[in-house]
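1. Got a predicted structure plus its sequence, pasted below:
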Amino acid sequence: AHGRSRRLVRSYDKPCKTMRLYFHDILYDFSNSTANSTSAAATKPTALATAVSRNGTFFGEVVVFNDPMTEGKALPPSLEETAVRAQGLYLYDKKEEYNAWFAFSVVFNSTAHRGTLNLMGADLMFDKRRDISVVGGTGDFFMSRGVATLRTDAVEGFTYFRLQMDIKLYECYV
Amino acid sequence: AHGRSRRLVRSYDKPCKTMRLYFHDILYDFSNSTANSTSAAATKPTALATAVSRNGTFFGEVVVFNDPMTEGKALPPSLEETAVRAQGLYLYDKKEEYNAWFAFSVVFNSTAHRGTLNLMGADLMFDKRRDISVVGGTGDFFMSRGVATLRTDAVEGFTYFRLQMDIKLYECYV
Amino acid sequence: AHGRSRRLVRSYDKPCKTMRLYFHDILYDFSNSTANSTSAAATKPTALATAVSRNGTFFGEVVVFNDPMTEGKALPPSLEETAVRAQGLYLYDKKEEYNAWFAFSVVFNSTAHRGTLNLMGADLMFDKRRDISVVGGTGDFFMSRGVATLRTDAVEGFTYFRLQMDIKLYECYV
């Protein structure tokens, strides 16, 4: 964007940019591969979770992640060096059901895109589809805003889940 | 918003939407009701808090919450099934005084509103009124932005506080 | 802004407001001065960090801070009473290298400025310069948005680092 004028494109009916990406989270559980793990519980189980949880809904658990994101559903060959990564935290916040909250950055480092998108919002896991906010961006995504629609695409026990994330930007600066 | 055009309403002197909601936080303290508790300390006291705190200002404590929000001041009959909830985290960040920082979503699931607002900001508790940012929204609050003014409305020991939250949106998409 | 009209100034090539501030973080390590410390690890080392880290990259560590910000590089005489402070959290999220993620508010309480800016983003520490988002503001920074460019300016062991933070607002309401 250096040396030329940036222009705002706004459209509230049709996104100015859409991307479908899959978010892969592999939680370290003390026994699985440290090389493959991409997230870790930052906190111990809370007293409230221990008191009420019958099914591991983990009220109060905070997880830090640095997760690969891919265009297809398959895990990338190298979990450490994918061109798109999600970095930040999620937490669980319900006693009897699964429910989460996310705040993170999507970091693009590919020939197609270089820059970041910053997102936050409630991951209402009991809803089939739920929206979180894209609250800002940098680099190729300078000043972008929009919405990302999440859908749980796969769950394997407590150590792996995959989210389909449809990112729709409604403010783009080109 | 499907099948029709969305239009941006901006107004910087008069909000395009205002809501007054009360935020109720009931912290689990190991002895109170697990059914009624709506938040839990996710972390143990930090070494710094233990070293300096004479009055429980809890520097470094991170609390995860899923708190009911109501139009009136009274606690709702059922703490688990209110139509508006705040989900996210706050933390304490001062050694000699109370001071907090919030990042959370307000989740609306009523006949009046369906969608979320995402907020973050410093809760400067020594100020009578303090503002945090509404940084995005989804559903009925698609792409909204604004400010929320917080006021401490009630405090009962370490286990209950109520904030009056005046949400003012200055960018609405209708 | 009371009693007069607010006007939006947008400029995507030249910021409507720029500020260079230095961010000073003094982490309490159990032995240094509690009076001087401005941040504390809120979490214990994660199992994943303990399993893989050879060099203290601290995957999963969450740090809560209330850090002074200054116009010059020197630490302010009083660490508790600077006019500009950064309040929030950072976390480390990489196994073999340093990498961080930030979410915080810059709180201004001086004759020059009164209000807050709210920021979040990936602190890609292996890049010389990296951008995070200014996602909102209050008071003198009502509804502001922009980008902050971070540069590591000094590191002293595990207990002190200084970031140069160039805040550039592209949406200002005056």
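-> Thanks, I have the structure now. Residues are numbered from 1 along each chain as shown, chains lettered A, B, ... in the order given.

2. Distance-wise, check residue A:14 relative to chain B.
-> Separation of residue A:14 from chain B (Cβ to the nearest Cβ, to the nearest Å): 10 Å. From N, CA and C alone the C-beta is placed, and that goes for glycine too.

3. so what's that residue scoring on pLDDT?
-> At residue A:14, the pLDDT value in this model is 90.

4. Correct me if wrong, but it is in a strand.
-> No - in this structure, residue A:14 is coil, not part of a strand, as judged by DSSP: H, G, I helix; E, B strand; the rest coil.

5. where does chain A have low pLDDT?
-> A:1-4, A:54 (pLDDT under 70).

6. Flag every residue of it that's near chain B.
-> Counting by Cβ under 8 Å from any Cβ of the partner chain, the residues of chain A close to chain B are A:10, A:12-13, A:43-44, A:46-49, A:51-52, A:59-62, A:91-96, A:99, A:101, A:103, A:120-122, A:124, A:131-136, A:145-147, A:170-171.

7. Just to check, residue A:5 is in contact with residue C:13?
-> Yes - using Cβ atoms under 8 Å, residue A:5 is in contact with residue C:13, at 5.6 Å.

8. Residue in chain A with the shortest distance to chain B?
-> Closest approach of chain A to chain B (Cβ to the nearest Cβ) occurs at residue A:133, with a separation of 2.8 Å.

9. and the closest residue in space to that residue that isn't next to it in sequence, what element?
-> Distance criterion Cβ to Cβ, 6 or more residues apart in numbering or on different chains; nearest residue to residue A:133, sequence neighbours excluded, is residue B:136 at 2.8 Å. Element membership of residue B:136, judged by DSSP states H and E, is strand B:130-139.

10. List the neighbouring strands of that strand plus their orientation.
-> strand B:114-123 (antiparallel), strand B:145-156 (antiparallel) (DSSP bridges).

11. what's the most buried one of these?
-> Most buried of the strands paired with strand B:130-139 by mean neighbour count (mean count of other Cβ atoms under 10 Å in any protein chain shown) is strand B:114-123; its value is a mean of 25.

12. show me the contacts for the residue positioned nearest the centre of chain A.
-> What sits nearest the mean C-alpha location of chain A, by Cα atoms, centre = their mean, is residue A:86, with 5.5 Å. For residue A:86, the contact set (Cβ atoms under 8 Å, 6 or more residues apart in numbering or on different chains) comprises A:23, A:65, A:66, A:67, A:69, A:104, A:105, A:106, A:107.

13. Is the fourth one bridged to anything, and to what?
-> Here residue A:67 sits in beta bridges with residue A:86, going by DSSP bridges.

14. List the contacts of the residue of chain A at minimum distance from chain C.
-> Closest contact between chain A and chain C, by Cβ to the nearest Cβ, is at residue A:136 (2.8 Å). Under the criterion of Cβ under 8 Å, 6+ apart, the neighbours of residue A:136 are A:117-118, A:143-145, B:135, C:120-121, C:133-135, C:145, C:147.

15. burial measure for the closest residue to residue A:10 other than its chain neighbours, as a count.
-> Closest residue in space to residue A:10, ignoring its immediate chain neighbours: residue A:171 at 5.4 Å, by Cβ to Cβ, 6+ apart. Applying other Cβ atoms under 10 Å in any protein chain shown, we find 21 residues neighbouring residue A:171.

16. Residue A:171 in helix, strand or coil?
-> Following three-state DSSP, the label given to residue A:171 is strand.

17. you'd agree it is up against residue A:142?
-> No - judged on Cβ under 8 Å, residue A:171 makes no contact with residue A:142 at a distance of 10.4 Å.

18. Would you map the strands across chain A?
-> With strands called from DSSP state E, chain A shows them at A:8-10, A:17-26, A:39-41, A:62-70, A:84-92, A:100-109, A:114-123, A:130-139, A:145-156, A:160-173.

19. what separates the fifth one from the chain centre, distance-wise?
-> Spelled out, it's strand A:84-92. 5 Å (Cα atoms, centre = their mean, to the nearest Å).

20. Can you check what angle separates that strand from strand C:62-70?
-> 110 degrees (axes from the mean of the first three to the mean of the last three Cα atoms, to 10 degrees).

21. Kindly tell me how buried residue A:69 is, as a neighbour count.
-> Close neighbours of residue A:69, defined as other Cβ under 10 Å, add up to 21.

22. do residue A:174 as well
-> 12.

23. for it, what are its contacts?
-> Here residue A:174 is in contact with A:6, A:7, A:9, A:16 (criterion: Cβ under 8 Å, 6+ apart).

24. From residue C:154, how far out is it?
-> To residue C:154, residue A:174 is 37 Å away according to Cβ to Cβ, to the nearest Å.

25. In contact with the nearest residue to residue A:60 once chain neighbours are set aside, which residues?
-> What sits nearest to residue A:60 in space, not counting adjacent residues and going by Cβ to Cβ, 6+ apart, is residue A:46, at 3.4 Å. Listed by Cβ under 8 Å, 6+ apart, the contact partners of residue A:46 are A:59, A:60, A:61, B:28, B:40, B:41, B:42, B:64.

26. Do I have it right that the last one meets residue A:89?
-> No - assessed by Cβ under 8 Å, residue B:64 is found out of contact with residue A:89, at 10.8 Å.

27. and for the two, which residues touch both?
-> In contact with both residue B:64 and residue A:89: residue A:62, using Cβ under 8 Å, 6+ apart.

28. Which one's more surrounded, those two?
-> Between residue B:64 and residue A:89, counting by other Cβ under 10 Å, residue B:64 is the more crowded of the two (27 against 23).

29. residues in contact with the more buried one?
-> For residue B:64, the contacting residues are A:46, A:59-62, A:91-93, B:39-40, B:42, B:88-89, by Cβ under 8 Å, 6+ apart.

30. try 10 Å this time
-> A:43, A:46, A:48-49, A:58-62, A:91-93, A:101, B:39-43, B:87-90, B:104 (Cβ atoms under 10 Å, 6 or more residues apart in numbering or on different chains).

31. Whichever of the residues you listed end up buried, select them in PyMOL.
-> Typed into PyMOL, the line below selects the buried ones among the contacts of residue B:64, using 16 or more other Cβ atoms under 10 Å in any protein chain shown:
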select buried, (chain A and resi 43+46+48+49+58+59+60+61+62+91+92+93+101) or (chain B and resi 39+40+41+42+43+87+88+89+90+104)
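
32. okay but residue A:114 is in contact with residue C:124, surely?
-> No - using Cβ atoms under 10 Å, residue A:114 makes no contact with residue C:124, being 11.2 Å away.

33. Which neighbours do the two have in common?
-> Residues touching both residue A:114 and residue C:124 (Cβ under 10 Å, 6+ apart) are residue A:107.

34. Extract the CA atoms of stretch A:58-67 and return them as CSV.
-> Coordinates of each C-alpha in stretch A:58-67 appear next as CSV, following Å, rounded to 0.1, in the frame of the first residue of the first chain:
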residue,chain,number,x,y,z
PHE,A,58,-14.3,-27.3,32.1
PHE,A,59,-15.8,-24.1,33.3
GLY,A,60,-13.0,-21.6,33.5
GLU,A,61,-10.3,-23.4,31.6
VAL,A,62,-8.2,-21.1,29.5
VAL,A,63,-6.4,-22.7,26.5
VAL,A,64,-3.5,-21.0,24.6
PHE,A,65,-3.2,-22.0,21.0
ASN,A,66,-1.0,-21.6,17.9
ASP,A,67,-3.1,-23.6,15.5
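
35. so how far is residue A:117 from the residue nearest to residue A:112 when sequence neighbours are not counted?
-> Closest residue to residue A:112 apart from its sequence neighbours, by Cβ to Cβ, 6+ apart: residue A:83 at 7.9 Å. From residue A:83 over to residue A:117 the distance is 14 Å, taken as Cβ to Cβ.

36. for residue A:105, same thing?
-> On the measure of Cβ to Cβ, residue A:105 and residue A:117 end up 7 Å apart.

37. Now the common contact residues for those two.
-> Shared contacts of residue A:105 and residue A:117, defined by Cβ under 10 Å, 6+ apart, are found at A:86, A:136, A:137, A:138, C:121, C:122, C:133.

38. and those residues as TSV, adding distance to residue B:158?
-> Converted to TSV, those look like this (distance: Cβ to Cβ, whole Å):
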residue	distance to residue B:158
A:86	35
A:136	35
A:137	40
A:138	40
C:121	33
C:122	35
C:133	35
